[in-house]
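J.: How does the following fold in three dimensions:
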Amino acid sequence: MATSEKPKKSVQKNGLHCTQDPVWVQWLLIVITVTFMTLLLIMPLGVIFYEALRKGWKTYVAALSSRNAQSAILLSVLAAGIAVPVNTLFGLAAAWAASKYQFRGKAFLVSILDLPFAISPIIAGLMLILVYGVQGWFGETLRTYGIPVIFAVPGVVLATMFVTVPFVARELIPLMQEQGSEQEWAAVSLGANAWQTFWKVTLPNIKWALLYGVLLCSARAMGEYGAVAVVSSNIRGKTNTLPLQIDALYNDYNAPAAFALASLLALLGIVTLVLKSWLESRTHNTVSESSKDS
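T.: Modelled structure (predicted):
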């Protein structure tokens, strides 16, 4: 005679259901989690700042103020400054189409958004070379008009745009699908035009998810290495972004300068993490309020 397994006891605390495992199981899982995070995340992060400042502020400032470092920082900011707004507009359009309309191929459209997640950034760079390179589909035309793309700044921007395409759209689509279109239809029925509906109804409902997607998109754009390395040719002072400059300095055995620049990206990651946690809470509250309203 089969017997059913006795379910674990659960208690509700602060509105959350928690399983009452034995105390030793709880402490074991906590120790494993903390140890894993310390060895793989916290300690390496601390080493970056330690090595960056180990030889003093003078060496640190000199590394950040060198001509190649300044060029790399500016190029990273430029690439992110173009890729993030473009992908934000694309993400809004894609999320609107996927959540508000029904059309043939919508499932394929939503699935293809994950392509940059599914393929290696190195492959993404090679794809761009095959399309925009000298021997690529558009290479001859671009060369005729004197428009350099690969091994130039436009190639860096395109590679950055490619790897950051999904972030805004992927944050907006589930939220907009959850919210539905009732509020937009209500606004239209009251005489609002398309722009008024977007600015006064849709945007306030998605603003936190939108900012969350922009934040993730910006962090990925600043830290991208693989795709950019393929299309940039690593020309110092011209096509080297911040991650590429760090790699070049480390390969030149200039570890203090490499860690100094790496500390900038690490600091960006910490700021991103703090803002990410705050925006996640705001996005969760928005979804909860929408669910209550519906």
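
J.: C-alpha from now on. contacts and neighbour counts both.
T.: Noted.

J.: residue ranges for the helices of the stretch 51-200 of the chain, please.
T.: 57-65, 67-100, 106-112, 115-118, 121-132, 139-144, 153-163, 166-179, 182-189, 194-197 (DSSP state H, counting those that start in this stretch).

J.: Just the CA trace of the third one, in PDB.
T.: As requested, C-alpha coordinates have been extracted for helix 106-112 and formatted as PDB (Å, rounded to 0.1, in the frame of the first residue of the first chain):
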ATOM      1  CA  LYS A 106       4.300  37.500 -33.000                       C
ATOM      2  CA  ALA A 107       5.700  34.500 -31.100                       C
ATOM      3  CA  PHE A 108       8.600  34.400 -33.400                       C
ATOM      4  CA  LEU A 109       9.200  38.100 -32.900                       C
ATOM      5  CA  VAL A 110       9.300  37.700 -29.100                       C
ATOM      6  CA  SER A 111      11.500  34.700 -29.400                       C
ATOM      7  CA  ILE A 112      14.000  36.400 -31.700                       C
END
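
J.: can you list the domain ranges for this protein.
T.: What automatic domain parsing lists as the domains of the chain is 17-53, 56-293.

J.: Just to check, Ala260 is in contact with Tyr50?
T.: No - at 9.6 Å, Ala260 and Tyr50 do not qualify as touching, with contact defined as CA atoms under 8 Å.

J.: Between these two, which has more neighbouring residues?
T.: Neighbour tally, Ala260 and Tyr50, criterion other CA atoms under 10 Å: the higher count belongs to Ala260, 27 against 14.

J.: out of everything not next to it in sequence, what's closest to the more buried one?
T.: Excluding its sequence neighbours, the residue lying closest to Ala260 (CA to CA, 6 or more residues apart in numbering) is Ala52, at 4.5 Å.

J.: Now do that neighbour: how many residues are near it, please.
T.: Burial of Ala52 is recorded as 24 neighbouring residues (other CA under 10 Å).

J.: dump the residue contacts of it.
T.: When the contact criterion is CA atoms under 8 Å, 6 or more residues apart in numbering, the partners of Ala52 are 60, 256-260, 262-263.

J.: again, but for Ala69
T.: 63, 237, 242, 245, 261.

J.: how much space is there between it and Gly237?
T.: 8 Å (CA to CA, to the nearest Å).
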